[in-house]
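S.K.: Any chance you can model this:
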Amino acid sequence: MSFFIRGARKRAPASKSKKVFSKDSNNPTKKKKLQKLDDEEILSDSDIDGPDDDEGRGSSDAPSENEEEEQETAQEKRLRLTKQYLAQLEAEEKEVEDSLTPDRDAIAHRLKSELLEQSGKLQKLVASEYTAPSSDDLCVLRGHQLAITCMVISSDNKYIFSGSKDCSIIKWNAATGKKEHKIPGGRKGTEDKHIGHTAHILALAISSDDTLLVSGCRNKLIHVWDPQTCGLKHTFKGHRDAISGLAFRKGTHQLFSASHDRSVKIWNLDEMAYVETLFGHQDAITGIDSLTRDRSITSGGRDNSIRVWKVLEESQLIFNGHSGSIDCVKLINEDHFISGSEDGSIAVWSVMKKKPLSITRNAHPGPVGTSEGSNTKENWISCVAALQGTDLVASAGSKDGTIRFWQCSEGYKTLSPTFQVTMEGFVNAMQFSSDGTFLVAGVGQEHRLGRWWRLKEAKNSIVIVRLRKSNAENIR
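M.R.: Here you go, the predicted structure:
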């Protein structure tokens, strides 16, 4: 009830009575008119307080139930109504408590999953649900003249960007397989005139909001592009050797770049500015990755180490376990990652332990005899990929053209093979779509970093591998 309405009701009769009756207290006409005005005023108030206010007031001197309610303050009334509403809800909950129990469990499970995902510790057990792809599930996209060296998928899974030794970048439509745009490569010596790269492109990365695409090449340059128009926005210089890896910190425009000059640099792309340089590796850095935390992870090639760079703490964690050059590394979640080595092994790690949680030797066994006349018993690992937040990872065995899919056990303590896909050529780059419906592989006649072998029968192409689940559902 409004304070002003209640106050007006108490004061109005006294003031009007004094004013009118002082002039003509015996005039019945004016009395009747005054009574009528008073009744109208009371009825107006009673519409707010309750229709029986007047009856209760006139019938008895004792306060009625409605008058007691009328004397409540606004806060007291709200409190009373709230208690009534809560009591009603409690009664309804008791009636359907048994039927709601499964839903409550589902909600609790979902909240727990969201909490683990935010903390970077989520592991969805989905690998066992996938079935081996058939030949019809492979879509080959051709457009580059030389070997594909790197590729990246937009966060909405609509577009694929690929880089090549022909110095060009192609934007593909993932659904139709059609070429959307091409940034052509230039010839050596045309750096001042050509808009784009004039040397082998070795690294690509795209921001999580799909507004920035970056590419790095052997000319020590990092170009920043608009993914929509493929227009050049900025060029960074600073590294003293080839750019071998690029990674955005998830949810930001903070960029990490790795180079053969053994350093990691941090860039702020909101201001198109250099931030700082991180040193520690003793050999050319071969791979880099980053997620939500303000840190990055790198593989150090022949220094046989993996390093986690903790930017805020200004420190680094060093991991050793492979016996050969470590050529690739990928984060599974914030606390676990996978690496591949020249010794043919793949390892799964925890940031809490210096040694691998599990290591699989001879992960890609090769044929006994090859056309080169060597007796190859194993193939080194050229790239790895992880479906983030799950137990599904993949590895590629250099020139054997085989992509093997693996299942991590709960807690990442073991690694078990599930199925494989074979194609002709070097698999130089791989990435899962964020929803787990497909994997994209960059294939070439040569390895991305050299020309040790050349497989003439292979095709320089992007291969989209459609991934199907036994229950025909995608990851939610």
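S.K.: Please, where are all the strands along the stretch 151-300 of the chain?
M.R.: All strands of the stretch 151-300 of the chain, identified by DSSP state E, counting those that start in this stretch, fall at 159-164, 169-173, 179-183, 201-206, 213-217, 221-225, 232-237, 243-248, 254-259, 263-268, 273-279, 287-289, 295-299.
S.K.: now the angle between strand 201-206 and the first one, please.
M.R.: It refers to strand 159-164. 160 degrees (axes from the mean of the first three to the mean of the last three C-alpha atoms, to 10 degrees).
S.K.: Looking at strand 159-164 now, give me its mean pLDDT.
M.R.: For strand 159-164, mean pLDDT is 98.
S.K.: And for the shortest one?
M.R.: Predicted confidence along strand 287-289 averages 97 (mean pLDDT).
S.K.: any idea whether the closest residue to Trp453 other than its chain neighbours is helix, strand or coil?
M.R.: Spatial nearest neighbour of Trp453, excluding adjacent residues (C-beta to C-beta, 6 or more residues apart in numbering): Lys399 at 5.7 Å. Yep, even glycine has a C-beta here, placed from its N, CA and C like the rest. When classified by DSSP: H, G, I helix; E, B strand; the rest coil, Lys399 comes out as helix.
S.K.: Name the nearest residue to Ala363, ignoring sequence neighbours.
M.R.: Leaving aside its sequence neighbours, Ala363 sits nearest to Ile346 (C-beta to C-beta, 6+ apart; 4.8 Å).
S.K.: now the stretch 351-476 of the chain, which segments are flagged as low pLDDT?
M.R.: 366-378, 471-476 (pLDDT under 70).
S.K.: All the helices of it, in order from the start?
M.R.: Here the stretch 351-476 of the chain has no helices by DSSP state H, counting those that start in this stretch.
S.K.: Let me see the ranges of the strands in it.
M.R.: 358-360, 383-386, 392-396, 402-408, 415-422, 426-432, 438-444, 461-466, 468-469.
S.K.: Show me the one of these that comes nearest Ala273.
M.R.: Ranking these by proximity to Ala273 (C-beta to C-beta) places strand 426-432 first, at 28.0 Å.
S.K.: so what strands line up beside that closest one?
M.R.: strand 438-444 (antiparallel) (DSSP bridges).
S.K.: List the contacts of the strand it pairs with.
M.R.: Applying C-beta atoms under 8 Å, 6 or more residues apart in numbering, the external contacts of strand 438-444 come out as 146-151, 153, 157, 160, 162, 164-165, 174, 385, 394, 396, 401, 403, 423-433, 458-467.
S.K.: Just confirm Ser358 contacts Thr414, I think it does.
M.R.: Yes. Using C-beta atoms under 8 Å, Ser358 is in contact with Thr414, at 5.2 Å.
S.K.: list residues touching both of these two?
M.R.: Counting by C-beta under 8 Å, 6+ apart, the common neighbours of Ser358 and Thr414 are Cys408.
S.K.: quick one, phi/psi of Gly401?
M.R.: Main-chain torsions, Gly401, degrees, to the nearest 10: phi 70, psi 20.
S.K.: Let me see the contact set for it.
M.R.: By C-beta under 8 Å, 6+ apart, Gly401 lies in contact with 422-427, 443, 458.
S.K.: Any chance of the residues you listed in CSV with neighbour count as columns?
M.R.: Shown next, in CSV, are the contacts of Gly401 (neighbours: other C-beta atoms under 10 Å):
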residue, neighbour count
Thr422, 10
Met423, 19
Glu424, 14
Gly425, 23
Phe426, 29
Val427, 28
Val443, 26
Ala458, 18
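S.K.: Closest one of the residues you listed to Asp294?
M.R.: Minimum distance to Asp294 across those is 31.4 Å, recorded for Val427 (C-beta to C-beta).
S.K.: coming back round to it: Ser358 and Thr414: which has the busier surroundings?
M.R.: The neighbour count for Ser358 versus Thr414, taken as other C-beta atoms under 10 Å, is higher for Ser358 (18 against 14).
S.K.: one step back: among the contacts of strand 438-444, which ones are buried?
M.R.: 146-151, 153, 157, 160, 162, 164-165, 174, 385, 394, 396, 401, 403, 423, 425-433, 458, 460-465, 467 (16 or more other C-beta atoms under 10 Å).
S.K.: Setting the sequence-adjacent residues aside, check what's closest to Phe319.
M.R.: Ile306 (4.3 Å).
S.K.: Quick check, that neighbour in contact with Ile326.
M.R.: Yes. Between Ile306 and Ile326 there is a contact under C-beta under 8 Å: 6.1 Å.
S.K.: hey, what's in contact with both of those two?
M.R.: 299-300, 339.
S.K.: ok, of these, which one's closest to Leu138?
M.R.: Using C-beta to C-beta, those come closest to Leu138 at Ser339, 26.7 Å.
S.K.: same for the host helix or strand of the closest one, what does it pack against?
M.R.: Here Ser339 sits within strand 336-341, counting by DSSP states H and E. Applying 3 or more C-beta pairs under 8 Å, 6 or more residues apart in numbering; DSSP states H and E, one finds that strand 336-341 contacts strand 326-331, strand 346-350, strand 383-386, strand 392-396.
S.K.: Please identify which of those strands is closest to Val214.
M.R.: Val214 sits nearest to strand 326-331 of all those, at 18.0 Å, using C-beta to C-beta.
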